[in-house]
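Enquirer: Provide a 3D model corresponding to the input given below.
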Amino acid sequence: MINRVSTASQYQSLTSNLMRKQGEVNESNNQLSTGKRVETAGDDPVSSVTIQNYRQQLTQIDQYKSSITMANNRLGVMESSIAGVEDNLDATKQKVLRMINGAMASNDRTAFKDELTSLRDGLLELANSRDESGNYVFAGNQMDTQPFVKGTDGKMNYQGDSQSRYAQIDKSVEVKTSLPGDQLFTSIPNPYGDFRPDFSDLSSGSKLHVLSATTSDFTKAQPIDITFSEAVVTLPDGSEKTVMQYNLSLDGKEVVADQDYDPEKGIQYTAADGSSVSITLDDVEVGDKLTLNPAQKINIFDSLQDAIDNAEKPTSSAAAEATLQRVIDDIDSSFLHVSQRRSEVGTIMQQVERQQEQHLDFELTLNSAQSGLEDLDYSKAIMEMNQQMMALQASQSAFSKTKQLSLFNYL
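Expert: Numbers count the residues shown, from 1 in each chain. Presented below is the predicted three-dimensional model:
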């Protein structure tokens, strides 16, 4: 039996083949123009899924990089502000030291008071620093609220909160991008321990200096008053000796009376509730009266105000000189505290920098992997296109000849 193929069927087959060849050439042309081997899932379903996953990861990295930029800006402003605080404290300390050590005329002390006021105002300006977005750096989460405002009593009041802001710089990595102002400026460790001295009742010419004042249980701490006096005691051999003694009161109630004072041992007292107090002093003189108020933290603004208030008092004022010395101790503690916070910020900045480098390395790896799946191999693509062009030309020639065939050609 002879199989017959209709002219219409043959024509349709040749047309389909020609269209397929033309489609392959068009696709190769498109790949060469875009440089992409895979543009849709239909181009390579398996590679397309992987490429989409790479793109999602790259988008996430871009978000982390934006967060890192924001974190770096905030940390940079904060580090710069804290550095300014260090410089301010150092300049203030030098001024106060000159007031203690130098013999100054009243005009000089007035000038120093003006300079101390200017330094205090400069510190306030640093405490109210803003970042590039206009947010207050040291206000905690209350970034739209000015953190430090001078009250009617002259004290600096903190209006922020005690929280820190954070930035997520990786899937499981958050970094602190702010420090609350109360931690930096108003919660500085007391240089003496658990009590803060009041020198308002020192004897004339006294050089008394508190070295430390601590308690074993701060929850039970009470104001302490210590009075030093002179007494004549009779020794076992009948001779007499002049000694220094002290009386100690807790919250106004005398608990120790006429106790010999040993400068080497200081003052040690154990209360009935088991809590103990240890106080060491230097240069105590007869007639000195010292008050110690419970306080584990100090406010640097209060200390600077003390320096301003005592700046114009004469060097003959023992209370003023002792208070200025206390300001020096406060500044030393403040400088150490602020330096530790600056070091903390520096550590965070290093962490952010390391994380940024990791993101850049991973981004490069992802781009390289994505390029390997998605981008076109031009050499291979050109060779394939040349083959496709030859095939298309052959199909076109065959189609042209076939459609001219007729039985009459053989009759």
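
Enquirer: Which parts of the chain are strands?
Expert: 148-150, 156-158, 166-170, 173-176, 188-189, 195-201, 209-215, 224-234, 240-250, 253-260, 267-270, 276-282, 289-294, 297-298 (DSSP state E).

Enquirer: can you give me the offset of the last one from its chain's centre?
Expert: To tie it back to what came earlier, the one meant is strand 297-298. Relative to its parent chain, strand 297-298 has a centroid offset of 21 Å by Cα atoms, centre = their mean, to the nearest Å.

Enquirer: counting contacts, what elements does it pack onto?
Expert: In terms of contacts (3 or more Cβ pairs under 8 Å, 6 or more residues apart in numbering; DSSP states H and E), strand 297-298 is packed against strand 188-189, helix 318-374. Heads up, the C-betas are built off the backbone N, CA and C, glycines and all.

Enquirer: Between these, which one is closest to Pro197.
Expert: Among these, the nearest to Pro197 by Cβ to Cβ is helix 318-374 (6.3 Å).

Enquirer: that older thread, let me know which of the strands of the chain is the nearest to Leu126.
Expert: That would be, of those and by Cβ to Cβ, strand 148-150, which comes in at 9.7 Å.

Enquirer: What pairs with the closest one, parallel or antiparallel?
Expert: Take DSSP bridges as the rule and strand 148-150 pairs in its sheet with strand 156-158 (antiparallel).

Enquirer: still on that earlier bit, want to throw the strands of the chain into TSV with mean neighbour count?
Expert: What follows is the strands of the chain, written out as TSV (neighbours: other Cβ atoms under 10 Å):
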stretch	mean neighbour count
strand 148-150	16
strand 156-158	19
strand 166-170	18
strand 173-176	16
strand 188-189	18
strand 195-201	20
strand 209-215	19
strand 224-234	15
strand 240-250	15
strand 253-260	12
strand 267-270	15
strand 276-282	18
strand 289-294	20
strand 297-298	18
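
Enquirer: out of the ones you listed, which comes closest to Leu97?
Expert: Across the strands of the chain, closest to Leu97 is strand 209-215 (Cβ to Cβ), at 14.3 Å.

Enquirer: Between strand 276-282 and the closest one, find me the angle.
Expert: 170 degrees (axes from the mean of the first three to the mean of the last three Cα atoms, to 10 degrees).

Enquirer: Export strand 209-215 to CSV, keeping only CA atoms.
Expert: Taking C-alpha atoms only, strand 209-215 is exported to CSV below (Å, rounded to 0.1, in the frame of the first residue of the first chain):
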residue,chain,number,x,y,z
HIS,A,209,40.2,64.6,102.6
VAL,A,210,38.0,61.6,102.4
LEU,A,211,39.7,58.6,100.9
SER,A,212,36.8,56.1,101.1
ALA,A,213,33.5,55.6,102.9
THR,A,214,31.8,52.2,102.4
THR,A,215,29.1,50.1,104.0
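
Enquirer: how much distance is there from that strand to the middle of the chain?
Expert: Distance, stretch centre to chain centre, for strand 209-215: 32 Å (Cα atoms, centre = their mean).

Enquirer: other SSEs contacting it?
Expert: strand 195-201, strand 276-282, strand 289-294, helix 318-374.

Enquirer: Recalculate using a threshold of 6 Å.
Expert: strand 276-282 (3 or more Cβ pairs under 6 Å, 6 or more residues apart in numbering; DSSP states H and E).

Enquirer: okay, Ser275: pLDDT?
Expert: Looking at Ser275, its pLDDT stands at 91.

Enquirer: Where does pLDDT dip in the stretch 101-250 of the chain?
Expert: The stretch 101-250 of the chain contains residues with pLDDT under 70 at 102-106.

Enquirer: do that again at 80, thanks
Expert: 101-109, 154, 233-238 (pLDDT under 80).

Enquirer: any idea how this protein splits into domains?
Expert: If you go by automatic domain parsing, the domain ranges for the chain are 55-189+329-362, 195-295.

Enquirer: distance between the ends of the first one?
Expert: Start-to-end span of domain 55-189+329-362 (Cα to Cα, to the nearest Å) is 12 Å.

Enquirer: Now do it: distance to the chain's middle.
Expert: So, by Cα atoms, centre = their mean, the centroid of domain 55-189+329-362 is 8 Å from its chain's centroid.

Enquirer: Let's have the strands of the chain in a markdown table, adding distance to Gln351.
Expert: Compiled in a markdown table, the strands of the chain are given as follows (distance: least, Cβ to Cβ, whole Å):
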| stretch | distance to Gln351 |
| --- | --- |
| strand 148-150 | 29 |
| strand 156-158 | 28 |
| strand 166-170 | 8 |
| strand 173-176 | 6 |
| strand 188-189 | 25 |
| strand 195-201 | 36 |
| strand 209-215 | 36 |
| strand 224-234 | 45 |
| strand 240-250 | 48 |
| strand 253-260 | 52 |
| strand 267-270 | 46 |
| strand 276-282 | 40 |
| strand 289-294 | 38 |
| strand 297-298 | 28 |
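
Enquirer: Around Asp194, count how many other residues there are.
Expert: 19 (other Cβ atoms under 10 Å).

Enquirer: any idea how far His209 is from it?
Expert: 17 Å (Cβ to Cβ, to the nearest Å).

Enquirer: Also Thr227?
Expert: 17 Å.

Enquirer: Name all residues that make contact with Thr347.
Expert: Not one residue lies near Thr347 by Cβ atoms under 6 Å, 6 or more residues apart in numbering.

Enquirer: quick one: pLDDT of it?
Expert: 95.

Enquirer: same deal with Met99?
Expert: For Met99, pLDDT reads 85.

Enquirer: residues in contact with it?
Expert: Going by Cβ under 6 Å, 6+ apart, Met99 touches Phe112.

Enquirer: coming back round to it: to Pro294, which of the helices and strands packed on strand 297-298 lies closest?
Expert: It's strand 188-189; of the helices and strands packed on strand 297-298, that one is closest to Pro294 (Cβ to Cβ) at 14.2 Å.

Enquirer: so what's Tyr64 up against?
Expert: Ile169, Asp170, His359.

Enquirer: ok, those residues vs Asp306, which is closest?
Expert: Nearest to Asp306 among the contacts of Tyr64, with distances taken as Cβ to Cβ, is Ile169, at 42.1 Å.

Enquirer: Now do the closest one against Gln163, distance only.
Expert: 19 Å.

Enquirer: Against Lys297, how distant is the residue nearest to Asn299 when sequence neighbours are not counted?
Expert: Among residues not flanking Asn299 along the chain, Thr186 sits closest, at 4.4 Å (Cβ to Cβ, 6 or more residues apart in numbering). Separation of Thr186 from Lys297 (Cβ to Cβ): 7 Å.
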